[in-house]
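# A predicted structure for the sequence below; I have some questions about it.
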Amino acid sequence: MKPGRESAAPHRHLTLAVSAVVALAVVATACGGLPPDGEDEPERPNILWIIAEDLGPELGVYGHPAVETPNLDRLAADGVRYTRAFTTAPVCSTSRSAFMTGMYQTTIGAHNHRSHRDDGYTLPAGVRVITDWLREAGYLTANLVDLAGDANETYFRGTGKTDWNFQYDGEPFDTDRWSDLAGAEPFYAQVNFPETHRGAEWDGAHEQITRPADPDAVWMPPYYPDHPEARADWAQYLNAVMSLDRKVGFVLDTLERDGLADRTLVVFMGDHGRAMVRGKQWPYDSGLHVPLIVRWPAAIPAPAGFEPGRVDDQLIAAIDLTATTLAIAGAGPPDGMQGRVFLGAQAGAPREYLFGGRDRGDETVDRIRTVRDVRYRYLRNYFPDRGLLQTNRYKEFTYPMIPLMRELDAEGQLTPLQARLLAPTRSAEELYDLEADPYETVNLAADPAHADVRARLRAALEGWIDESNDQGRVPEAPEIHEYWERQMQQNYDARIDAMLEARRQRR
């Protein structure tokens, strides 16, 4: 029984509900970024997004020890490094659905992970993916796979990932080949790299670099156990970051080789936070905080405020990159887009708050909403009777630290902070002072000294939920949960058993 068939009526109602609010706001103004009559049109750059999967700011240029990222270092030296960039969701499909449209995933009904793949659900009226706007503005669009023009090249390649929680009629990109870019300026291209997403590239990352991280020397967040297996896992994440840096270098060098670098705006970003316990799929800083580096092309006059090597601390949501890209391309952004322009002539005042959320991930039902300002993060857990580390077969299979922590907990070898991840319940509200507690370990929600902060952030979050028409207030149909439960059980149970047995033999 597939969820798309049994729940078609709820999806139609959702489409109508979302369209009603979005259509009032989003007006197709594809020429909104063009100058008035009589003024010269500014030269429009090519635009390249380099997207890393599952990557937090664990980079050398962000000050992380034991990580060598010379290519990202040089990109930052020539560009602006943003220190407070956050996605609106901590998992790929929901985050990408947001930053590819410039809209919150909760507004457009794309908030549940891997949803709407075959049920006919499309974007609400007036909402489009960024490539639609850019095509109308005269840009070639590319989702790059073939970077080297060599069918035998298996390392320096993009994945061509989309992974959206809606169906798209037609082809969202014109090409997947780098070789098509040079003769088709201006172009918008994105290239997705998977090194920091757990899988084959992660597993082999240490073989692609000259100086792998030393597991005995790495420093880990305090909620991870100081255990050889945990250290090895964290070190391999850092190795994946360094392998990723090699690919970024290949792209930057290829831009130079082909004479495109001086006319191409380069953006480097993560699609959400790191693929570790309390990172990916959890809407803390560790799941939402991403690197963001923007390099302006040398041959095109830079906008006010852009200085090579500058560090910018303003709050930026990933959906703001959508709006900013469209503004730079002379293609908007359209009225009503929830992303805001943060660079260039159309840039507005910095955000006061950033919002985000987490909903169903695979078979794991949850709903969390969060708001962050420059100092504090507030979270509202709508299922406090469920633990933070609910069973999720994907994570149980791919995150070796989870079964390790369960074993250590049974043996009484976890600290109280570490054991809290395995608690059967959690607080309905969480509040963290990120200046004093950057790893979000001390919940201040019940602290009278922080009552005013909690009230302010709670009100901001509730206002955003209402104003953005948060679709997470409408539960998914039960048959969708049943479908995912069956799918995940079939896909992962046997592999999890084999992995646990292999771990027991190693120990």
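Cool, the structure landed.

# How are the helices of this structure distributed by residue range?
Assigned by DSSP state H, the helices in the chain fall at 3-6, 8-25, 70-78, 92-99, 130-136, 200-203, 228-257, 285-288, 318-328, 393-398, 401-410, 416-420, 451-467, 478-506.

# To W49, which of those lies closest?
W49 lies closest, by CB to CB, to one member of the helices of the chain: helix 318-328, at 7.8 Å. Backbone N, C-alpha and C define where each C-beta goes, glycine included.

# With only the CA atoms kept, save the closest one in PDB.
Backbone C-alpha positions of helix 318-328 (Å, rounded to 0.1, in the frame of the first residue of the first chain) are rendered in PDB as follows:
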ATOM      1  CA  ALA A 318      20.100  29.200   3.400                       C
ATOM      2  CA  ILE A 319      17.000  30.400   1.700                       C
ATOM      3  CA  ASP A 320      18.600  33.900   1.700                       C
ATOM      4  CA  LEU A 321      21.200  32.600  -0.800                       C
ATOM      5  CA  THR A 322      18.300  31.900  -3.200                       C
ATOM      6  CA  ALA A 323      17.000  35.500  -3.000                       C
ATOM      7  CA  THR A 324      20.600  36.900  -3.200                       C
ATOM      8  CA  THR A 325      21.500  34.800  -6.200                       C
ATOM      9  CA  LEU A 326      18.400  36.000  -8.100                       C
ATOM     10  CA  ALA A 327      19.100  39.600  -7.200                       C
ATOM     11  CA  ILE A 328      22.600  39.400  -8.500                       C
END
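
# contacting residues for V80?
293-295, 306-308, 310-312, 343 (CB atoms under 8 Å, 6 or more residues apart in numbering).

# which among those residues end up buried?
Burial by neighbour count, 16 or more other CB atoms under 10 Å: within the contacts of V80 this picks out 293-295, 306, 312, 343.

# Among the residues you listed, which has the minimum pLDDT value?
Looking at the buried ones among the contacts of V80, model confidence by pLDDT dips furthest at F306: 93.

# and the spatially closest residue to it that is not a sequence neighbour, what is it in contact with?
Distance criterion CB to CB, 6 or more residues apart in numbering; nearest residue to F306, sequence neighbours excluded, is W296 at 5.2 Å. Contact criterion CB under 8 Å, 6+ apart gives 45, 79, 265, 302-303, 306, 308 as the residues in contact with W296.

# Tabulate those residues (JSON lines), appending distance to M100.
Converted to JSON lines, these look like this (distance: CB to CB, whole Å):
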{"residue": "P45", "distance to M100": "20"}
{"residue": "G79", "distance to M100": "22"}
{"residue": "L265", "distance to M100": "17"}
{"residue": "A302", "distance to M100": "26"}
{"residue": "P303", "distance to M100": "24"}
{"residue": "F306", "distance to M100": "24"}
{"residue": "P308", "distance to M100": "28"}
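
# mind checking which of the helices of the chain is nearest L144?
Between L144 and the helices of the chain, the shortest gap by CB to CB is with helix 228-257, which sits at 8.7 Å.

# Against which helices or strands is that closest one packed?
strand 46-52, helix 70-78, strand 187-193, helix 200-203, strand 264-270, helix 401-410 (3 or more CB pairs under 8 Å, 6 or more residues apart in numbering; DSSP states H and E).

# one more time with 6 Å
In terms of contacts (3 or more CB pairs under 6 Å, 6 or more residues apart in numbering; DSSP states H and E), helix 228-257 is packed against helix 70-78, helix 401-410.

# The last one vs helix 228-257, what angle?
Going by axes from the mean of the first three to the mean of the last three CA atoms, to 10 degrees, helix 401-410 is angled at 160 degrees with respect to helix 228-257.

# Mind listing residues that contact helix 401-410?
Outside helix 401-410, the residues that touch it by CB atoms under 6 Å, 6 or more residues apart in numbering are 225, 229-230, 233, 277, 395-396, 414, 419, 422, 500.

# Which of these sits closest to H113?
Closest to H113 out of the contacts of helix 401-410 is K395 (12.0 Å), distances taken as CB to CB.

# What sits closest to the closest one if chain neighbours are left out?
What sits nearest to K395 in space, not counting adjacent residues and going by CB to CB, 6+ apart, is I402, at 5.9 Å.

# residues in contact with A299?
With contacts defined as CB under 6 Å, 6+ apart, the neighbours of A299 are 262-263.
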